[in-house]
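Novice: Below: sequence and its predicted model.
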Amino acid sequence: MEFSKLWLDYRKLADNRSRVIISCDKTLKDSAAFEELKIAMASMVPDAIVLWKSEVFDDDSCLIVLTIRPELSEEEYDIAASANITEICAGSETGLLYGVFAFLRKIALAGRFISFTAHKKPSQPIRMLNHWDEADGDIERGYSGKSFFFVNEELEVNERTVMYARLMASIGINGVVINNVNVRRKAKLLLSIEFAESLTNLGELFARYGIKLFICPDFAAPKTICGLDTADPLDENVIEWWNTTCALIFSKIKNLGGFLVKADSEGEPGPMAYGRTHADGANMLARAVKPYGGIVIWRCFVYNCTQDWRDKKTDRACASYDNFIGLDGQFDDNVYLQAKNGPVDFQIREPVHPLFGAMKNTNLIIEFQLAQEYTGQQKHVCWLIPMFKEIMEHHTRHDLPDDRVSRIVCGVAAVANTGDSYCWTGSELAAANLYGYGRLLFDEDVSCTELAEEWTRLMFGDDEKVTSAVKEILLDSKQAYEDYTVPLGIGWMCHPNDHYGPSPWGYEFDRWGTYNRADRDAVGVDRSASGSGYSEQYAPALADVYGDITKCPDELLLFFHRVPYTHRLHSGKTVIQHIYDTHFEGYAKAEHFAELWHGLEGKIDDRTFKNGCERFAEQLRCAKEWRDIINCFFHRLSGIDDENGREIY
Ligand code: GCW
């Protein structure tokens, strides 16, 4: 299947050269960094001949020197560029590759070879993508077609996976989990001999691009693959099976990073079935991968998904903390706990997960979701980077020299939004999420405005109208989505199962345990100390803010409190008027985005333009649905009219 090169579609520079000389040690001639330079130069300066270490150097030449400097750390690079000579130094081949991509990005944006210096090392050490791809080719919560990793139940290494590895390296991703955390059907056999060869090949490709390969194993594999009658993590035969299996796969698969595990969650197997703890399960696997430098990433997404809606005491938001806090300090040093960015499940607005402030003696990874499961499924434009940045910069209010989430976590993961669609992410604009995510983890100081502009220009060229329209759409899109969907942090007013479109009571009488409890008098869930107690999971200073109705930030009010519709927000508006206003405004913003996009006809390629038009049409249809259903729902319940007399059905 055809695929685009996204932001690596190098365009011709305004700068013509007859020669590009890449000077480096012979051993680097086969590196991905060298190869990338050659690929890029062929498009950027198509008239130039690209030479390795030529003696001939004149005004018309451009010299690029690649050097490994052991005093730099592995992923660190240093660039000193002038119009004719560029020196890129790094601590390893991977660092060089990052340096080369940074250099290419800079000259692509400038349109010519320029003078600049840059010295960077990644802000986050672990920068991962989690694919929820199934071995049969489906993708759980995938909105971009089928898997390109698994085709016809085989794991593929082909031109597309090479392009994928280049794209990921260009944004600094250094770990990729290739299969879904729900390990189903044939994926249960990933650790068996059947996949050994293809995993080895994929591992080799990833290694070339500085990416560690991760697998979600079936926790019950000793039963499924080996035929034992238990998967108890403390059983000797089970331990022995994992040890032997890991010895085998780590010896074969170059760059295997380890495992990501969803255990005892939404029906997945885990240690609790045997009366063991999450620490028992994670440590057993961690010991099996330890001799090979492997790590185990253990998810904290554990809650009771068979709740009775009549049960007002059980609060899903509390569950993750409640399940893990008692285990703090009990995990081996190569175990990382991965918690979602919020306590529930990737809603457009949630407070930051309380474990980031509380789990002080455990390695933590934060998980975001690029796949827009609850945020418009890549039909709506919803650029999530401002939200990710805000969360990473959130102060957990603990007594630490730097209490920001970005300083507390050891790494970051995101559920990938890719598939085999032509533009990888179903909609071109959704690729901005993928791009921004990687770039932000590598360089936390880059602003959202810079990222939006950079991505737009790398994708669509330098037309001012295109840049300004796409930038505006991206930067305003997340707020617009929040405005026309679920107000003030309630969450979960979407259709059950597929999670698309409005259904205010869809989850109200369901077993998944997240409710708005809207009635004629009030709306929201009391999660303060006098309610479910969830707010108490935060450091005292923050618990005090969230737990107090007078201090709680407006945007989270209904997540933490149950209030009458006439409750006045800090903004001065009543809750009900806020709901009406944001819904009308959000829809108007979506209309404006569609208009901006339509104005770009002829300025961006036809295929992208048409794809965008279709998606904006759907976004508008759905945003209108959200606006009218949510407004109507609250109008009928509250009986309070819109101050501005707009039409509510
Ligand atoms: O958000 C829920 C999704 C499930 C997903 C689960 C998880 C992979 O609806 O599809 O399963 O979260 O994160 O494990």
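Specialist: Sure, I can see it. Numbering: from 1, shown residues only.
Novice: can you count the residues close to the closest residue to residue 556 other than its chain neighbours?
Specialist: Distances taken as Cβ to Cβ, 6 or more residues apart in numbering place residue 489 nearest to residue 556, at 4.2 Å, with adjacent residues excluded. Heads up, the C-betas are built off the backbone N, CA and C, glycines and all. Using other Cβ atoms under 10 Å, residue 489 has 24 other residues around it.
Novice: per-domain residue ranges of this protein.
Specialist: 6-120, 126-446, 487-525+562-638 (automatic domain parsing).
Novice: so which of these is the most packed in?
Specialist: Mean neighbour count (mean count of other Cβ atoms under 10 Å) peaks for domain 126-446 among the domains of the chain, with a mean of 20.
Novice: hang on, the earlier thing: surely the residue nearest to residue 556 is in contact with residue 552?
Specialist: No - checked against Cβ atoms under 8 Å, the pair residue 489 and residue 552 is beyond contact range at 9.3 Å.
Novice: can you list residues touching both of these two?
Specialist: residue 560 (Cβ atoms under 8 Å, 6 or more residues apart in numbering).
Novice: May I ask which helix or strand encompasses residue 390?
Specialist: helix 385-392 (DSSP states H and E).
Novice: Show me what that helix packs onto, helices and strands only.
Specialist: Counting contacts by 3 or more Cβ pairs under 8 Å, 6 or more residues apart in numbering; DSSP states H and E, helix 385-392 packs against strand 363-369, helix 405-408, helix 431-442, helix 448-460, helix 464-484.
Novice: rerun at 10 Å
Specialist: Here helix 385-392 touches strand 363-369, helix 405-408, strand 411-415, helix 431-442, helix 448-460, helix 464-484, going by 3 or more Cβ pairs under 10 Å, 6 or more residues apart in numbering; DSSP states H and E.
Novice: can you redo these as a markdown table with mean pLDDT?
Specialist: Below are those laid out as a markdown table (pLDDT from 0 to 100):
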| stretch | mean pLDDT |
| --- | --- |
| strand 363-369 | 98 |
| helix 405-408 | 97 |
| strand 411-415 | 98 |
| helix 431-442 | 98 |
| helix 448-460 | 98 |
| helix 464-484 | 98 |
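Novice: can you put the ones you listed in JSON lines and add distance to the ligand?
Specialist: Formatted as JSON lines, these follow (distance: least, Cβ to the nearest ligand atom, whole Å):
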{"stretch": "strand 363-369", "distance to the ligand": "8"}
{"stretch": "helix 405-408", "distance to the ligand": "19"}
{"stretch": "strand 411-415", "distance to the ligand": "7"}
{"stretch": "helix 431-442", "distance to the ligand": "17"}
{"stretch": "helix 448-460", "distance to the ligand": "25"}
{"stretch": "helix 464-484", "distance to the ligand": "17"}
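Novice: what about the helices in the stretch 101-250 of the chain?
Specialist: Secondary structure of the stretch 101-250 of the chain (DSSP state H, counting those that start in this stretch): helices at 159-170, 196-208, 221-224, 236-252.
Novice: Hey, what's the angle from the second one to helix 159-170? Just curious.
Specialist: Orientation note: helix 196-208 sits at an angle of 40 degrees relative to helix 159-170 (axes from the mean of the first three to the mean of the last three Cα atoms, to 10 degrees).
Novice: before we move on, back to that, mind listing what the residue nearest to residue 556 touches?
Specialist: Applying Cβ atoms under 10 Å, 6 or more residues apart in numbering, we find residue 489 in contact with 342, 347-351, 482, 524-525, 552-561.
Novice: what number of residues lie near residue 465?
Specialist: Residue 465 has 11 neighbours, counted by other Cβ under 10 Å.
Novice: before we move on, what about the one 10 residues further on?
Specialist: By the other Cβ under 10 Å criterion, the neighbourhood of residue 475 contains 17 residues.
Novice: if we can go back for a sec, just the pLDDT at the residue nearest to residue 556, thanks.
Specialist: You'll see residue 489 listed with a pLDDT of 97.
Novice: contacting residues around the closest residue to residue 211 other than its chain neighbours?
Specialist: Computed as Cβ to Cβ, 6+ apart, the closest residue to residue 211 that is not its neighbour in sequence is residue 176, at 5.4 Å. Residues near residue 176 by Cβ under 10 Å, 6+ apart: 127-131, 149, 164-165, 168, 202, 206, 209, 211-214, 257, 413, 416.
Novice: before we move on, what about residue 67?
Specialist: So residue 67 contacts 23-25, 28, 78, 87-90, 96, 99 (Cβ under 10 Å, 6+ apart).
Novice: repeat that with 7 Å
Specialist: Contacts for residue 67 (Cβ atoms under 7 Å, 6 or more residues apart in numbering) come out as 87, 89.
Novice: Run through the bridge partners of it.
Specialist: Taking DSSP bridges as the rule, residue 67 bridges to residue 89.
Novice: after the one helix or strand residue 320 maps to comes which helix or strand?
Specialist: Element membership for residue 320, per DSSP H and E: helix 316-324. Using DSSP H and E, the next helix or strand after helix 316-324 towards the C-terminus is strand 335-340.
Novice: helices or strands next to that next one in the packing?
Specialist: Identification of packing neighbours for strand 335-340 by 3 or more Cβ pairs under 7 Å, 6 or more residues apart in numbering; DSSP states H and E yields helix 278-289, strand 295-299, strand 363-369.
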